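**Q** What follows is a protein structure lacking sequence information:
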Ligand code: F6R
Ligand code: ZN
């Protein structure tokens, strides 16, 4: 007999609550889980001492993590900053590097910061209705540049992709998004080194 999970299914998607009609897992990332990610470590420590803020949440529709499957869900990145650097996701390469991802922005304003293992970089704007294609091999991080709105994106990626957080945790992305005179600007990340000089 066919298991019900192997039957086609559908679900509603909306930028406002209830965001997903059905989901299997709700993941939360608070400031405390992001030690070392923000450039201004003093601002990070001071802010964490005030409040362990909720930075982002992910609602996942679980499927077997294997080739042929598609994993999807909703990412909600709350507005905020650490120092002048906007709230962001940790960011990652896929463990199976040759796997891409689609992001569809439903609400808010921000960007996806991306780079390859060779150090090529790209920053693409996210706003409602925008669909962003992340090619295989490109690490990706969402950044919320709106002062008040959640950045809400629906994502889909291959079941066997997996996640590799280590490189980004250690070196960050090549480009940072910070606020200057009320506007987002791109800065070179001083912690970043060309891949050939890393050890
Ligand atoms: C999955 C993917 C997104 C992110 C989510 C949280 O491959 O790219 O679902 O996982 O936006 O970001 P991270 O995983 O970087 O904490
Ligand atoms: Zn991904």
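**A** Everything's here; your move. From a predicted model like this one, the values you see are computed outputs, not experimental measurements. Ligands and ions are numbered 1, 2, ... in the order given.

**Q** Residue 156 against residue 74, yeah?
**A** No. Using CB atoms under 8 Å as the test, residue 156 is too far from residue 74 to be in contact (10.9 Å). Just so you know, the C-beta spots here come from the backbone N, C-alpha and C atoms, and that holds for glycine as well.

**Q** higher neighbour count, the two?
**A** Comparing residue 156 with residue 74 by neighbour count (other CB atoms under 10 Å), the higher total belongs to residue 74, at 22 against 14.

**Q** residues touching that one, list them.
**A** Listed by CB atoms under 8 Å, 6 or more residues apart in numbering, the contact partners of residue 74 are 13, 19-20, 23, 58-59, 106, 152-155.

**Q** If we check ligand 1, which of those are in contact?
**A** The overlap between these and the neighbours of ligand 1 (CB under 6 Å from any ligand atom) comes to 58, 155.

**Q** Now do the host helix or strand of residue 142: distance to the chain's middle.
**A** Using DSSP states H and E, residue 142 falls within strand 139-144. With CA atoms, centre = their mean, to the nearest Å as the basis, strand 139-144 stands 4 Å off its chain's centre.

**Q** Now tell me what touches the helix of greatest length in the chain from outside.
**A** The longest helix of the chain (DSSP state H) is helix 41-50. Residues from elsewhere that reach helix 41-50, judged by CB under 8 Å, 6+ apart: 31-32, 34-35, 38, 53, 82-83.

**Q** List the buried residues in that helix.
**A** By 16 or more other CB atoms under 10 Å, the buried positions in helix 41-50 come out as 44, 47-48.

**Q** pLDDT at residue 99, what is it?
**A** Per-residue pLDDT puts residue 99 at 98.

**Q** And the pLDDT for the nearest residue to it once chain neighbours are set aside?
**A** Distance criterion CB to CB, 6 or more residues apart in numbering; nearest residue to residue 99, sequence neighbours excluded, is residue 161 at 4.0 Å. Looking at residue 161, its pLDDT is 98.

**Q** Quick check: which element contains residue 161?
**A** For residue 161, there is no enclosing helix or strand under DSSP H and E.

**Q** got the residues of this structure near ligand 1?
**A** 58, 73, 75, 89-92, 101, 140, 142, 155, 157.

**Q** mind listing what residue 23 touches?
**A** Shown in contact with residue 23 (CB under 8 Å, 6+ apart): 59-61, 73-74.

**Q** re the thing from before, now the longest helix of the chain: how far from the chain's centre is it?
**A** Its chain's C-alpha centre and that of helix 41-50 lie 22 Å apart, by CA atoms, centre = their mean.

**Q** Then stretch 140-152?
**A** For stretch 140-152, the distance from its own C-alpha centre to the chain's C-alpha centre is 9 Å (CA atoms, centre = their mean).

**Q** Give me the buried stretch members for that stretch, please.
**A** Residues 140-146, 149-152 are the ones in stretch 140-152 that count as buried (16+ other CB under 10 Å).

**Q** now for those residues, which pair is the farthest apart?
**A** 140 and 149 (20.4 Å; CB to CB).
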